[in-house]
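> Kindly generate the corresponding structure for this input.
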Amino acid sequence: MILVSSCLAGLKVRYNGTHSLNEKIEKLVKDGKATMVCPEILGGLSTPREPAEISGGNGDDVLDGKACVIEKSGKDVTSIYIEGAYRTLKKVQLLKATLVVLKENSPSCGSSMIYDGQFNGNKIYGNGVTSALLKRHNIKVISEETFWQLLP
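Residues are numbered from 1 along each chain as shown. Down below sits the predicted model:
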């Protein structure tokens, strides 16, 4: 089983109420080969919501208590992102998922790139909170960008 970001399968769960539809991922879900997850929704956030970025590091730093997730207005939502990450981990374990495909650049789901915490559009190398937690549990996490390379 593959677990995928809900937004990649066409659900309008992104912070601004949109999706990031990837038709091949949507087809996997429709064919029963993949299941959807949105760590931010699992953590308790609504759609739409304020944009958030990791401030002071990356997802690993958030899990280690060295960085936090902050909404653009300044509200600290770190605990919500951590809760969503742990609920996603539980779902991965229950489904025995062998691969997780998450939305790149997200403070939850980014698997190699995230925004730098300044809300200026700049990106840095690093994992989002959920990607970091899953990787710590030896779960293979890739982005939709890398996923394309696996397709025939």
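
> Next up, the contacts around V77.
45, 52, 69-71 (CB atoms under 8 Å, 6 or more residues apart in numbering). (C-beta placed from N, C-alpha, C; glycine too.)

> before we move on, what about D60?
The contact partners of D60, taken as CB under 8 Å, 6+ apart, are 126-127, 132, 136.

> moving C-terminal of the helix or strand encompassing it, what's the next helix or strand?
Using DSSP states H and E, D60 maps to helix 59-63. Toward the C-terminal end, the helix or strand that comes next after helix 59-63 (DSSP H and E) is strand 68-71.

> And the contacts of that following strand?
49-56, 62, 76-78, 80-81, 107, 117, 129.

> from those residues, which ones fall inside helices?
62, 78, 80-81, 129 (DSSP state H).

> Kindly spell out which helices and strands sit in contact with the worst-scoring helix or strand of the chain on mean pLDDT.
Every helix and strand in the chain was compared by mean pLDDT, DSSP states H and E; the lowest is helix 144-150, with a mean of 81. When contacts are defined as 3 or more CB pairs under 8 Å, 6 or more residues apart in numbering; DSSP states H and E, helix 144-150 sits against helix 23-30, strand 99-102.

> Parallel or antiparallel, list what pairs with the next helix or strand after the longest one.
The reference is to helix 23-30. Sequence-wise, the next helix or strand downstream of helix 23-30 (DSSP H and E) is strand 34-37. Sheet partners assigned to strand 34-37 using DSSP bridges are listed as strand 2-5 (parallel).

> And stretch 117-135, end to end?
The straight-line separation of the ends of stretch 117-135 (CA to CA, to the nearest Å) is 22 Å.

> just to revisit the earlier point, CA-only coordinates of the helix holding D60 in CSV, if you can.
Only the C-alpha atoms of helix 59-63 are listed here, as CSV (Å, rounded to 0.1, in the frame of the first residue of the first chain):
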residue,chain,number,x,y,z
GLY,A,59,11.2,19.1,10.7
ASP,A,60,13.9,17.2,12.5
ASP,A,61,14.7,20.3,14.6
VAL,A,62,11.0,20.7,15.4
LEU,A,63,10.8,17.1,16.6
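
> That's all I had, so thanks and see you.
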